[in-house]
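Chemist: The following block contains a protein sequence and its predicted model.
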Amino acid sequence: MPSTPDLDALYRRYGILLRRRCRTLLRDEALADDALHEAFMNVMRHHDAFAAAEEPVRFLYRTVDNACFDQLRRRTRRREDDLEGSAPPASPHPGVRLEDRDAVVHVLASLPDDERRIAVYAFVDGMTQADIATEVGLSRVTVNKKLASIREHAKTILEDA
């Protein structure tokens, strides 16, 4: 049976990167801290899956993404849409325009669950459509259509704001 991961060592090694991701997705320091804590609790609870993961860093990022998406769902249910005065998000991936990243992060809570992950991979991580298709198990054409839908959704929401 695999042993429990050394959470202190994982946090020392990846905590800064994972917290930065939480801040980027949630645009709120306190929610980012909550999501990061929740993610590490999930790693502890599901240590067998973490130990069996072929790519532990990817496992950590997925776990953090899921914790952030949970925070977004909770925030949406509470109708806390005003993020004025929140912490600025981290710099975008070099392959992503800042305006695109910020627009998509702004509407992330209003996207369907299946599009959230694609949006993060494309507009936060700067992944190619082919890489996203492989990661989410969809065709490149489907990913392209979903990205177009995400862009249109962001444009519509921001124009109405």
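Modeler: Done, it's in.

Chemist: so where does the residue nearest the centre of the chain fall, helix or strand?
Modeler: In the chain, the residue lying closest to the centroid (CA atoms, centre = their mean) is Asp65, at 3.8 Å. Per DSSP states H and E, Asp65 falls inside helix 56-78.

Chemist: Which strands and helices lie in contact with that helix?
Modeler: For helix 56-78, the packing partners by 3 or more CB pairs under 8 Å, 6 or more residues apart in numbering; DSSP states H and E come out as helix 7-26, helix 29-45, helix 47-52, helix 113-123. For every residue, glycine as well, the C-beta is placed using N, CA and C.

Chemist: Need those helices in CSV (columns: distance to Leu60).
Modeler: Below are these laid out as CSV (distance: least, CB to CB, whole Å):
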stretch, distance to Leu60
helix 7-26, 6
helix 29-45, 7
helix 47-52, 8
helix 113-123, 14
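
Chemist: Could you identify which of those helices is most buried?
Modeler: Comparing the helices and strands packed on helix 56-78 by mean neighbour count (mean count of other CB atoms under 10 Å), helix 113-123 ranks first with a mean of 21.

Chemist: Just the C-alpha atoms of it, please, in PDB.
Modeler: The C-alpha coordinates for helix 113-123 follow below in PDB (Å, rounded to 0.1, in the frame of the first residue of the first chain):
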ATOM      1  CA  ASP A 113     -18.000  22.700 -15.900                       C
ATOM      2  CA  ASP A 114     -16.700  21.000 -19.000                       C
ATOM      3  CA  GLU A 115     -15.700  24.400 -20.500                       C
ATOM      4  CA  ARG A 116     -14.000  25.700 -17.300                       C
ATOM      5  CA  ARG A 117     -11.100  23.200 -17.600                       C
ATOM      6  CA  ILE A 118     -10.700  23.900 -21.300                       C
ATOM      7  CA  ALA A 119     -10.700  27.600 -20.600                       C
ATOM      8  CA  VAL A 120      -8.000  27.300 -17.900                       C
ATOM      9  CA  TYR A 121      -5.800  25.100 -20.100                       C
ATOM     10  CA  ALA A 122      -6.100  27.500 -23.000                       C
ATOM     11  CA  PHE A 123      -6.100  30.900 -21.400                       C
END
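
Chemist: now it: mean pLDDT?
Modeler: Across helix 113-123, pLDDT averages out at 89.
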